[in-house]
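Asker: What would the 3D arrangement of this be:
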Amino acid sequence: MGSGTGSRPEGGESLSNGAFRAKDCLNKLAEHIPGKAVEIVSHGEIFAALLGHAENTPMPKRTLTHHVPTGSVSELIMTNTGWHLFEEGNLPLE
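Answerer: The predicted structure follows:
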């Protein structure tokens, strides 16, 4: 991926492109099943970018600002007023 500056690995997509694609998918999902809880599994950088979208963090700073450890759980709430960050990067108890 990259740090949100648009870098693109060979044969891959930039973080900005991946985040846009994921955001578009979640918006469509929310339209089709409003008011329902949905579990999403994603790469940490993509989810950090989505959390940054909810918090209006500029794209280049999203992976630096939003910490998403491997195996962590974050919670976004999508309403008619927008995206809202509820929890970020919590690790389940072992």
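Asker: do you know how far the most centrally placed residue in the chain is from Ser72?
Answerer: Ranked by distance to the mean C-alpha position of the chain (C-alpha atoms, centre = their mean), the top residue is Leu50 at 2.3 Å. Leu50 is 13 Å from Ser72, where distance means C-beta to C-beta, to the nearest Å. Placement of C-beta: from N, CA and C, glycine included.
Asker: Ile40 now?
Answerer: 13 Å.
Asker: cool, Leu85 as well?
Answerer: 13 Å.
Asker: Tell me the helix or strand right after the lengthiest helix in the chain.
Answerer: Determined from DSSP state H, the single longest helix within the chain is helix 15-32. The helix or strand immediately downstream of helix 15-32 is helix 44-55, counting by DSSP states H and E.
Asker: still on that earlier bit, got the angle between the longest helix of the chain and helix 44-55?
Answerer: 60 degrees (axes from the mean of the first three to the mean of the last three C-alpha atoms, to 10 degrees).
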